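[1] When you get a sec, could you give me coordinates for this:
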Amino acid sequence: MNTENSLSQFAVCIFEEQTRLTLADLCRACAVHAERIIELVDVGVLEPQGREPARWIFGGASLHRARGALRLQHDLDIDLAGAALALELLDEIKTLRARLHVLGGEY
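    Sure, this is the predicted structure:
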């Protein structure tokens, strides 16, 4: 990976950590109704801060996860539980690749 690519990924990570989105913000960014985002919360794809939907705050990474889940549903025609499982497995692969990279391995 080149330095420029590493720096842009680093900047994206900082942006995601600092970004705060309301339910309405996330709905607009994903072009879906609130019910779809609530369903993503119900199956564990998203974990907002706050007790009720009107007060939910999502981190910037939630936008990426929500879009990923919605894309999986649309592209693969799977239900929300299947999309949640697929995202969990993709996260696990990412973690394992990062560990392998630290150890100096190839993937």
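
[2] What's the per-residue pLDDT of the spatially most central residue of the chain here?
    In the chain, the residue lying closest to the centroid (Cα atoms, centre = their mean) is R65, at 1.8 Å. Reading off the confidence values, R65 has pLDDT 92.

[3] next structured bit after the helix or strand containing it?
    In this assignment (DSSP states H and E), R65 forms part of helix 60-76. Later in the chain than helix 60-76, the nearest helix or strand by DSSP H and E is helix 80-102.

[4] hang on, the earlier thing: what is the helix holding R65 packed up against?
    Counting contacts by 3 or more Cβ pairs under 8 Å, 6 or more residues apart in numbering; DSSP states H and E, helix 60-76 packs against helix 3-18, strand 20-22, helix 23-30, helix 34-42, helix 80-102. To be clear about C-beta, it is placed using only N, CA and C from the backbone, and glycine gets the same treatment.

[5] mind putting these in CSV, distance to G50 included?
    Formatted as CSV, the helices and strands packed on helix 60-76 follow (distance: least, Cβ to Cβ, whole Å):
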stretch, distance to G50
helix 3-18, 18
strand 20-22, 9
helix 23-30, 9
helix 34-42, 10
helix 80-102, 20
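
[6] Out of the ones you listed, the one nearest L70 is which?
    Closest approach to L70 among the helices and strands packed on helix 60-76 is made by helix 23-30 (6.1 Å; Cβ to Cβ).

[7] now this protein, which segments are flagged as low pLDDT?
    Counting by pLDDT under 70, the chain contains low-confidence ranges at 1-18, 105-107.

[8] Just put the helices and strands packed on helix 60-76 in JSON lines and tack on mean neighbour count and distance to A54.
    What follows is these, written out as JSON lines (neighbours: other Cβ atoms under 10 Å; distance: least, Cβ to Cβ, whole Å):
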{"stretch": "helix 3-18", "mean neighbour count": "10", "distance to A54": "23"}
{"stretch": "strand 20-22", "mean neighbour count": "16", "distance to A54": "9"}
{"stretch": "helix 23-30", "mean neighbour count": "17", "distance to A54": "7"}
{"stretch": "helix 34-42", "mean neighbour count": "17", "distance to A54": "10"}
{"stretch": "helix 80-102", "mean neighbour count": "13", "distance to A54": "22"}
